[in-house]
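1. The following comprises the amino acid sequence and a computationally predicted model.
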Amino acid sequence: VAMMLMSSATMKAQNKREFRGAWIQCVNGQYLGKSTQQIQAMLTRQLDELQKDGVNAIIFQVRAECDALYKSDLEPWSKFLTGVQGKAPSPYWDPLQWMIEQCHNRGMELHAWINPYRAKHSVTSYEQVSPKNIVKRRPDLCFQYGKLTLLNPGLQAAADYICEVAVDIVSRYDVDGFHIDDYFYPYPEAGRQIPDQQLFRQQSRGMRNIGDWRRDNVSRFVKQLSESIHAVKPWVKFGVSPFGIYRNKRTDPNGSETFGLQNYDDLYADVLLWVNNGWIDYCVPQIYWEIGNRAADYKTLITWWNKHAGNRPLYIGEDIERTAKFADPVNPRSHQLPAKHRLHQQMNNVKGTVLWYAQTAADNVGNIGHTLRNNYWKYPALPPSMPFLDNKAPKGVKGLKLMWTEKGPLLVWKAPKASKKKWGDQVNRFAIYRFEKGAKVNLNDVSALQAVTYDNFYRIPYVSGKKYVYVVTALDRVGNESKGKKKKISF
């Protein structure tokens with residue numbers, strides 16, 4: 001009975017559409033000192049475990065300091081990949097292209113993640129910067145802040161350059177999404193001023209307050225970046241993962257009951273403006289704190305974002321290590337994942353989760369990964385709807401049939417024909433459902449969804465003496481789902 005109740009609770013707690021992401025970063029040095037083969041083996045293992053955990057999207061860092069983890073004519077190869085900025089990997093490979101193929105093979109989306117403004121990381125010396133880097137080619141577009149060098153958000157030429165890099169990535173690679181993180185103006189250091197007062201006096205655009213001007217610089221860039229991406233590929237989902245506090249209540253009556261650094265006032269990132277104007281397609285506030293944190297309580301923050309940032313799909317950035325480290329205030333024998341999951345289910349605008357970070361999920365830190373795969377993410381999920389990008393369902397699959405191969409039974413089908421001019425009609429993946437004979441065919445039954453695949457075939461398990469109805473639907477690039485095509489199968 002307990003198992004039945006758990007299974008029933010799991011199904012009720014699951015959503016058919018949900019973003020289940022994980023960040024794979026380069027700046028933690030996980031690639032350094034490894035060969036191409038070793039890096040690929042490490043990433044393959046992470047992706048295999050994440051797939052078992054139920055993850056359906058990877059946010060992959062491809063640009064950390066105006067560098068590249070992909071073939072670029074604009075920026076040098078990343079030192080976080082090869083150890084030397086500007087040095088190509090040997091044996092040669094293109095990590096972004098390889099990751100797109102690996103993710104699509106597992107039915108996962110791939111979102112290319114760049115750090116927009118950072119031009120030189122604090123751990124990189126000027127001598128280590130390649131002559132090809134913008135820091136040395138166009139120092140006039142940058143400013144220094146402590147050990148960092150950043151592209152100057154106040155310069156239109158700097159925004160144009162970042163957008164050129166983004167367009168280059170989106171036009172050449174089959175990415176499902178494009179992602180920027182929480183670094184806008186630099187995180188403040190005590191006693192250090194941002195060196196842009198003179199530029200403000202010269203180009204204030206009629207603004208009297210330098211804070212308003214800085215926010216406007218960033219907001220104009222975010223809008224330009226969104227428009228640049230969608231002009232090339234309108235279906236690519238543009239997302240931002242801001243710091244977890246927008247404003248504190250003591251600064252703004254509409255702020256959260258928190259006492260931390262603020263996006264709006266300290267990083268000059270007016271995230272709600274971007275959400276409410278539809279300049280971004282999804283938002284992932286990094287709520288890395290625990291339930292009960294005195295300065296930044298998780299429950300307070302997820303409730304705040306749910307209330308104020310519902311105009312676009314809202315995903316929550318989750319820190320696995322902290323979730324595992326802290327006990328549930330109500331149930332001290334448990335970590336905080338069950339309590340955080342319940343909060344997700346209570347929030348009508350929360351449409352998903354992004355795990356910080358992929359390796360900790362793959363390593364099953366705190367048993368978080370296995371709890372997801374066995375309970376909360378037991379069944380696959382389709383991506384959240386984005387009707388503002390496209391709300392028309394594609395046509396269904398054709399020619400669905402069963403084939404017998406040396407490796408067992410195989411479902412095969414053909415994608416529907418679509419006009420090349422109408423990107424919204426084009427199909428790029430499929431959902432496979434299975435129902436017991438006699439059971440009602442209900443595509444909203446989360447337990448019936450077997451897989452999401454970018455292939456036009458699916459290997460089905462042979463179960464002697466069983467009779468099933470399989471249903472295959474087509475998904476367009478945004479995730480709209482066609483009507484199902486049925487196939488009765490008897491073993």
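-> Thanks, I have it. Just so it is clear, the model here is predicted, and its values are computed rather than measured. Residues are numbered from 1 along each chain as shown.
2. Which elements pack onto the host helix or strand of Ile58?
-> Assigned by DSSP states H and E, Ile58 belongs to strand 57-63. Counting contacts by 3 or more Cβ pairs under 8 Å, 6 or more residues apart in numbering; DSSP states H and E, the secondary-structure elements packed against strand 57-63 are strand 19-24, helix 95-105, strand 109-114, strand 177-180. Every C-beta, even on glycine, is put in place using the N, C-alpha and C of the backbone.
3. residues in contact with Gln450?
-> Neighbour list for Gln450: Pro380, Ile432, Tyr433, Arg434, Tyr458, Ile460 [criterion: Cβ atoms under 8 Å, 6 or more residues apart in numbering].
4. C-terminal to the particular helix or strand that has it in it, what's the next element?
-> Assigned by DSSP H and E, Gln450 belongs to strand 449-453. Remark: after strand 449-453, the chain's next helix or strand is strand 457-459, criterion DSSP H and E.
5. List the neighbours of that following strand that are in contact with it.
-> Applying Cβ under 8 Å, 6+ apart, the contact partners of strand 457-459 are Lys407, Gly408, Pro409, Leu410, Leu411, Val412, Trp413, Phe430, Ile432, Gln450, Ala451, Val472.
6. hang on, the earlier thing: now for the helices and strands packed on strand 57-63, which one comes closest to Leu301?
-> strand 19-24 (18.3 Å; Cβ to Cβ).
7. picking up where we left off before, mind putting the helices and strands packed on strand 57-63 in TSV, mean pLDDT and distance to Gln193 included?
-> Converted to TSV, the helices and strands packed on strand 57-63 look like this (pLDDT from 0 to 100; distance: least, Cβ to Cβ, whole Å):
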stretch	mean pLDDT	distance to Gln193
strand 19-24	98	31
helix 95-105	98	37
strand 109-114	98	27
strand 177-180	98	25
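8. Of all the ones you listed, which one is nearest Val441?
-> When those are compared by Cβ to Cβ, strand 19-24 sits nearest Val441, at 25.0 Å.
9. got the angle for the closest one vs strand 57-63?
-> With axes from the mean of the first three to the mean of the last three Cα atoms, to 10 degrees applied, the angle from strand 19-24 to strand 57-63 works out at 30 degrees.
10. mind listing what strand 19-24 pairs with, with the direction of each?
-> strand 57-63 (parallel), strand 350-356 (parallel) (DSSP bridges).
11. hmm, who's touching the helix or strand just after it?
-> Moving toward the C-terminus from strand 19-24, the next helix or strand (DSSP H and E) is helix 36-53. Contact partners of helix 36-53, identified using Cβ under 8 Å, 6+ apart, comprise 22, 24, 30-31, 34, 58, 81, 89-93, 95, 98-99, 102-103, 106-108, 358-359, 361-364, 369-370, 372-373, 377.
12. buried sites along helix 36-53?
-> Neighbour-count burial for helix 36-53, counted by 16 or more other Cβ atoms under 10 Å, picks out Thr36, Ile39, Gln40, Leu43, Gln46, Leu47, Glu49, Leu50, Gln51, Lys52, Asp53.
13. Point out the other helices and strands that the longest helix along the chain packs with.
-> Counting by DSSP state H, the longest helix found in the chain is helix 210-232. On a contact count with 3+ Cβ pairs under 8 Å, 6+ apart, helix 210-232 meets helix 156-172, helix 197-202, strand 237-240, helix 271-276.
14. Of those, which is nearest Arg137?
-> For the helices and strands packed on helix 210-232, the distance to Arg137 is smallest for helix 156-172, at 10.0 Å, taking Cβ to Cβ.
15. tell me the average confidence for that closest one?
-> The average pLDDT within helix 156-172 is 98.
16. hmm, back to that, format the helices and strands packed on strand 57-63 as CSV; extra columns: mean neighbour count and distance to Glu65.
-> Below are the helices and strands packed on strand 57-63 laid out as CSV (neighbours: other Cβ atoms under 10 Å; distance: least, Cβ to Cβ, whole Å):
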stretch, mean neighbour count, distance to Glu65
strand 19-24, 26, 17
helix 95-105, 20, 16
strand 109-114, 24, 10
strand 177-180, 25, 14
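17. Might you list the low-confidence residue ranges for the protein?
-> 1-13 (pLDDT under 70).
18. Tell me the residue in it that is farthest from the middle.
-> Gly465 (42.0 Å; Cα atoms, centre = their mean).
19. so is Met403 in a helix, a strand, or just coil?
-> The three-state label given to Met403 by DSSP: H, G, I helix; E, B strand; the rest coil is strand.
20. Tell me the spacing between the nearest residue to it once chain neighbours are set aside and Tyr458.
-> Nearest residue to Met403 in three dimensions, chain neighbours excluded: Leu410, at 4.7 Å (Cβ to Cβ, 6 or more residues apart in numbering). Distance check for Leu410 against Tyr458: by Cβ to Cβ, to the nearest Å, it reads 7 Å.
21. Looking at the two, which is more packed in?
-> Tyr458 (19 against 14; other Cβ atoms under 10 Å).
22. any idea how far that one is from Val397?
-> Note on Tyr458: its distance to Val397, by Cβ to Cβ, is 11 Å.
23. for Gln193, same thing?
-> Per Cβ to Cβ, Gln193 is found 60 Å from Val397.
24. who's more crowded, these two?
-> The residue with more neighbours, out of Gln193 and Val397, is Val397; 22 against 9, by other Cβ under 10 Å.
25. is it true that the more buried one touches Leu475?
-> No: using Cβ atoms under 8 Å, Val397 is not in contact with Leu475; the gap is 10.4 Å.
26. before we move on, back to that, just the closest of the buried residues of helix 36-53 to Lys147, please.
-> Ile39 (27.0 Å).
27. Please identify the most buried of the helices and strands packed on helix 210-232.
-> Greatest average neighbour count among these goes to strand 237-240 (a mean of 25), per mean count of other Cβ atoms under 10 Å.
28. contact partners of it?
-> By Cβ under 8 Å, 6+ apart, strand 237-240 touches 111, 176-181, 222, 225-226, 229-230, 271, 274, 280-284, 315, 386, 389, 478.
29. My guess is Gln25 contacts Arg63. True?
-> No: under the criterion of Cβ under 8 Å, Gln25 makes no contact with Arg63, lying 11.5 Å away.
30. out of those two, which sits in the busier spot?
-> Between Gln25 and Arg63, counted using other Cβ under 10 Å, the more crowded position is Arg63 (25 against 18).
31. What is the burial count for Asn331?
-> The number of residues near Asn331, taken as other Cβ under 10 Å, comes to 11.
32. What are the neighbouring residues in contact with it?
-> By Cβ under 8 Å, 6+ apart, the residues touching Asn331 are Pro338, Ala339.
33. Nearest residue to Asp106 in space, please, no chain neighbours.
-> Careful, residue 106 is Arg and not Asp. Closest to Arg106 by Cβ to Cβ, 6+ apart is Gln51, at 4.6 Å.
34. again, but for Pro329
-> Gly292 (5.2 Å).
35. got it, and Asn15?
-> Closest to Asn15 by Cβ to Cβ, 6+ apart is Ala381, at 6.4 Å.
36. Quick check, the one you found in contact with Glu18.
-> Yes: counting by Cβ under 8 Å, Glu18 is a contact partner of Ala381 at 4.2 Å.
37. So for these two, which residues contact both of them?
-> Shared contacts of Ala381 and Glu18, counting by Cβ under 8 Å, 6+ apart, come down to Asn56.
38. what about the closest residue to Asn349 other than its chain neighbours, is that helix, strand or coil?
-> Leaving aside its chain neighbours, Asn349 sits nearest to Gly310 (3.5 Å; criterion: Cβ to Cβ, 6+ apart). Using three-state DSSP, the structure places Gly310 in coil.
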